[in-house]
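Q: Provided below for reference: sequence and predicted model.
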Amino acid sequence: MPQHITLVSHALCPYVQRIAIALAEKGVAHDRLTVDLANKPRWFLDISPMGRTPVLKVGAAALFESAAILEYLEETQPHPLHPADPVERARHRAWIGFGAECLNDIAGFYSAPDNSSLNMKAATLHARFRLLERQLGRGPWFADDTFCLVDAVFAPVFRYFDTFDRIGDFGVFDGLERVTDWRCELADRPRCRAPSDRTTTTFSPGSSSGAVVPCRECSERALARYHHLPETGAQECNIRHRNDACGGHLGGLPTRSPSPG
């Protein structure tokens with residue numbers, strides 16, 4: 001009998017989102033439990049040695065760190081998302097690590113203290129994505145026609161820019177045709193989308209990923225506050241901020257680098 005699976009998550013964690021996407025792509029039924037990382041409960045610290053999400057509860061066991069969780073899912077669940085060839089599989093793992101570095105750069109971008117730092121961080125992100133541009137073929141996904149774990153990792157990376165683009169043009173994707181197309185394909189894939197206004201609890205095969213991000217209004221307002229930009233169009237959030245469907249009660253965006261989880 002399959003062991004019961006629960007994804008312990010946080011509304012703003014991109015490392016949780018990559019696990020949620022992988023579970024959805026594999027059609028794995030699971031529960032989802034959200035924790036407040038600003039007020040970590042004792043039970044959570046007991047199962048997460050580093051005090052961060054994601055944690056995957058498998059029966060009585062608790063797995064932490066997203067890279068380890070992804071590998072566990074690959075080894076135990078159907079519909080593999082890694083290539084069969086060992087060399088290609090290792091290459092994909094390396095680009096998953098590259099995705100974590102991109103998340104660190106994104107954190108530096110939206111927390112830049114001044115315009116000069118902001119422009120420097122935008123240039124760093126452009127350089128990162130230019131390296132990715134050289135890896136992409138003509139198919140819709142990282143591995144051409146086959147959706148893989150690298151896609152699951154970069155879908156949450158690109159989702160940050162849905163908010164940034166509403167604030168201004170920072171030139172991060174200038175001249176990067178393949179990366180831009182890849183970003184659009186990921187945004188259109190149902191299992192990579194975030195639900196708009198619901199708290200996720202139980203997922204069944206065939207459902208959307210349930211990767212939760214802050215609502216548009218809260219995210220726009222947060223980024224505007226960081227960089228003293230006009231908050232045009234950023235109306236009051238119509239989602240109760242205690243509802244985990246919106247991270248607005250935490251400021252809309254994390255205030256520090258999203259620690260690899």
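A: That came in fine, so what should we check first? This one's a predicted model, so the numbers in the text were calculated from it and none came from an experiment. Numbering: from 1, shown residues only.
Q: CA only for contacts and neighbour counts going forward, please
A: Noted.
Q: low pLDDT regions in the stretch 1-150 of the chain?
A: Under the criterion pLDDT under 70, the flagged ranges of the stretch 1-150 of the chain are 1.
Q: where along it do the strands fall?
A: According to DSSP state E, counting those that start in this stretch, the stretch 1-150 of the chain carries its strands in the segments 5-9, 30-34, 55-58, 61-64.
Q: for the third one, packing partners?
A: The one in question is strand 55-58. Secondary-structure packing of strand 55-58 (3 or more CA pairs under 8 Å, 6 or more residues apart in numbering; DSSP states H and E): strand 5-9, strand 61-64.
Q: and that strand, what's buried?
A: Neighbour counts over strand 55-58 (16 or more other CA atoms under 10 Å) mark 55-57 as buried.
Q: same thing with the last one?
A: Buried residues in strand 61-64, defined by neighbour count with 16+ other CA under 10 Å: 62-64.
Q: mind putting the residues you listed in a markdown table, distance to A94 included?
A: Formatted as a markdown table, those follow (distance: CA to CA, whole Å):
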| residue | distance to A94 |
| --- | --- |
| A62 | 25 |
| L63 | 21 |
| F64 | 19 |
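Q: span of stretch 78-89 from start to end?
A: Stretch 78-89 has an end-to-end distance of 17 Å (CA to CA, to the nearest Å).
Q: would you mark the buried spots in it?
A: Quick answer for stretch 78-89 (16+ other CA under 10 Å): 80-83.
Q: looking at those, spot the one nearest D162.
A: Sorting these by how near they are to D162, with CA to CA, puts L81 at the top with 25.3 Å.
Q: against P113, how distant is the closest one?
A: Relative to P113, and taking CA to CA, L81 is found at 39 Å.
Q: returning to what we had before: could you save the buried residues of stretch 78-89 as TSV and add columns showing distance to G108?
A: Output for those, formatted as TSV (distance: CA to CA, whole Å):
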residue	distance to G108
P80	33
L81	30
H82	30
P83	32
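Q: from those residues, pick the one nearest P156.
A: P156 lies nearest to L81 out of these, by CA to CA, at 16.6 Å.
Q: what segments of the stretch 1-150 of the chain are helices?
A: 14-26, 42-47, 66-76, 86-110, 115-133, 149-167 (DSSP state H, counting those that start in this stretch).
Q: so which of the ones you listed is the most packed in?
A: Mean neighbour counts were compared across these using mean count of other CA atoms under 10 Å; the top stretch is helix 14-26, at a mean of 26.
Q: which neighbouring elements make contact with that helix?
A: helix 66-76, helix 149-167.
Q: give me that answer again for 10 Å
A: strand 5-9, strand 30-34, strand 55-58, helix 66-76, helix 86-110, helix 149-167, strand 202-203 (3 or more CA pairs under 10 Å, 6 or more residues apart in numbering; DSSP states H and E).
Q: related to what we said a few turns ago, D169: which of the buried residues of strand 61-64 is nearest?
A: Lowest distance from D169 to the buried residues of strand 61-64 (CA to CA) belongs to F64, with 36.5 Å.
Q: from D85, how far off is that closest one?
A: 27 Å.
Q: and G51, by the same measure?
A: Using CA to CA, G51 is found at 35 Å from D85.
Q: circling back: okay, the helices and strands packed on strand 55-58 in JSON lines with distance to Q17 next?
A: Shown next, in JSON lines, are the helices and strands packed on strand 55-58 (distance: least, CA to CA, whole Å):
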{"stretch": "strand 5-9", "distance to Q17": "9"}
{"stretch": "strand 61-64", "distance to Q17": "14"}
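Q: F147: which of these is closest?
A: Within the helices and strands packed on strand 55-58, the stretch nearest F147 is strand 5-9; the backing value is 21.8 Å (CA to CA).
Q: what's the local residue count around D36?
A: D36 has 13 neighbours, counted by other CA atoms under 10 Å.
Q: for V87, see how far away T76 is.
A: Going from T76 to V87 by CA to CA gives 21 Å.
Q: go on, R130?
A: 23 Å.
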